[in-house]
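Student: okay, sequence plus prediction incoming.
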Amino acid sequence: MKLSVVIPCFNAADTIAAQLEALTKQKCSEPWEIIIADNGSTDETSNIVKQYQHNLPNLRIVNASAIKGSAHARNVGASVAISDNLAFCDADDEVTTGWVAAIIEALSKHDFVAGNSDYSKLNEPWIVKCCGVREANGIKDYVYFPYAGGNNLGIKRSVHDRVGGFDETMLLLQDIDYCWRVQKTGIKLESASNAVIYFRFRNTVKGMYRRCWRLACYDILLHQKHQKMGMPKLIRWRNLSKDAAILPLKFLVKVRDKETFVRWLLDLAWLGGHLQGCIKYNYPVI
């Protein structure tokens, strides 16, 4: 078995069929498997997955409901994987036809890889303009370590086990934390540019706003955790106060239509989430 594809899911009945359909169309001559790690779905997710087992004979579904969150689901899926190579993708995206083969090829050369995203298929153009710049498409540079989203990662199982998998105490941003902890062992995050997935954004302004706020709140927890591991202090009061002072001016100068308003609104959500995180996690911003 050359690759074990782990897909965490929770109440994914609206999207998982499209992802599984995409996986039936993979152009790959090597043996590989799919593990659906169900985090406690109460909808038709399980029944939909079972319907695809005749087209995907190496498709399994496992119970990963003991702890809430995709981190636990990914770890459970990885723990039962047959292959020494692991790949992670999400139930609400769609892989392209060459994705599995590209991940296998990349992991034949490297221990830790990240693919790229295509936003055009599953999102309206205005959503891409609002949200595209905020996502980690492929490997995103950062002053600490680069990182990539957990929806398109490949890794040697031995490396995954060495770092203890994903942090199950983190409901969000556990993928960034995972990338950083792997790289702290000396293993570089390499690009698998041919491993492309079609990425799905939230499709309502409310959904985008809430997600951005929650991510910003968890961003404080992420930084707090890694400062104890040698990360420099990057979130300070002067930066937050500067952002707060600039936001009203940006509204007056830049907001001209729905797209620019939503982008401003997401800036507001990021600032608000950061402030909430500082209070919630007792983060010293001085």
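Tutor: Okay, I see it.
Student: quick one: buried residues of stretch 36-43?
Tutor: Using 16 or more other C-beta atoms under 10 Å as the burial criterion, the residues of stretch 36-43 that qualify are 36-41. From N, CA and C alone the C-beta is placed, and that goes for glycine too.
Student: correction: stretch 97-108
Tutor: Result for stretch 97-108 [16+ other C-beta under 10 Å]: buried residues 98-107.
Student: return that stretch as PDB; C-alpha atoms alone will do.
Tutor: Coordinates of each C-alpha in stretch 97-108 appear next as PDB, following Å, rounded to 0.1, in the frame of the first residue of the first chain:
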ATOM      1  CA  THR A  97      -7.400  13.500 -10.700                       C
ATOM      2  CA  GLY A  98      -3.600  13.400 -10.200                       C
ATOM      3  CA  TRP A  99      -3.600  14.200  -6.500                       C
ATOM      4  CA  VAL A 100      -2.900  10.800  -5.100                       C
ATOM      5  CA  ALA A 101      -0.100  10.000  -7.600                       C
ATOM      6  CA  ALA A 102       1.400  13.500  -7.000                       C
ATOM      7  CA  ILE A 103       1.500  12.900  -3.200                       C
ATOM      8  CA  ILE A 104       3.000   9.400  -3.700                       C
ATOM      9  CA  GLU A 105       5.700  10.900  -6.000                       C
ATOM     10  CA  ALA A 106       6.500  13.700  -3.600                       C
ATOM     11  CA  LEU A 107       6.800  11.400  -0.600                       C
ATOM     12  CA  SER A 108       9.200   9.200  -2.500                       C
END
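Student: for this protein, what spans make up the helices?
Tutor: Listed from the start of the chain, the chain has helices (DSSP state H) covering 16-24, 45-51, 70-79, 99-107, 125-131, 157-162, 174-184, 205-227, 237-254, 258-280.
Student: for the ones you listed, which one sits closest to residue 149?
Tutor: Evaluated over the helices of the chain, closeness to residue 149 peaks at helix 174-184, with 5.6 Å, by C-beta to C-beta.
Student: can you check what angle separates the closest one from helix 205-227?
Tutor: Inter-element angle recorded for helix 174-184 and helix 205-227: 30 degrees (by axes from the mean of the first three to the mean of the last three C-alpha atoms, to 10 degrees).
Student: buried stuff in helix 174-184?
Tutor: Along helix 174-184, the positions that meet the burial threshold by neighbour count (16+ other C-beta under 10 Å) are 174-183.
Student: for that helix, packing partners?
Tutor: Taking 3 or more C-beta pairs under 8 Å, 6 or more residues apart in numbering; DSSP states H and E as the contact definition, the neighbouring helices and strands of helix 174-184 are strand 112-118, strand 152-156, helix 205-227.
Student: what packs against the shortest one?
Tutor: Contacts of strand 152-156 with other secondary structure elements, assessed using 3+ C-beta pairs under 8 Å, 6+ apart, are made with strand 85-89, helix 99-107, strand 112-118, helix 174-184, strand 190-198.
Student: rerun that using 10 Å as the cut-off
Tutor: Applying 3 or more C-beta pairs under 10 Å, 6 or more residues apart in numbering; DSSP states H and E, one finds that strand 152-156 contacts strand 3-9, strand 85-89, helix 99-107, strand 112-118, helix 157-162, helix 174-184, strand 190-198.
Student: what about residue 195, neighbour count?
Tutor: 28 (other C-beta atoms under 10 Å).
Student: do you know which of the helices and strands packed on helix 174-184 lies nearest residue 142?
Tutor: Closest to residue 142 of those is helix 205-227 (C-beta to C-beta; 10.8 Å).
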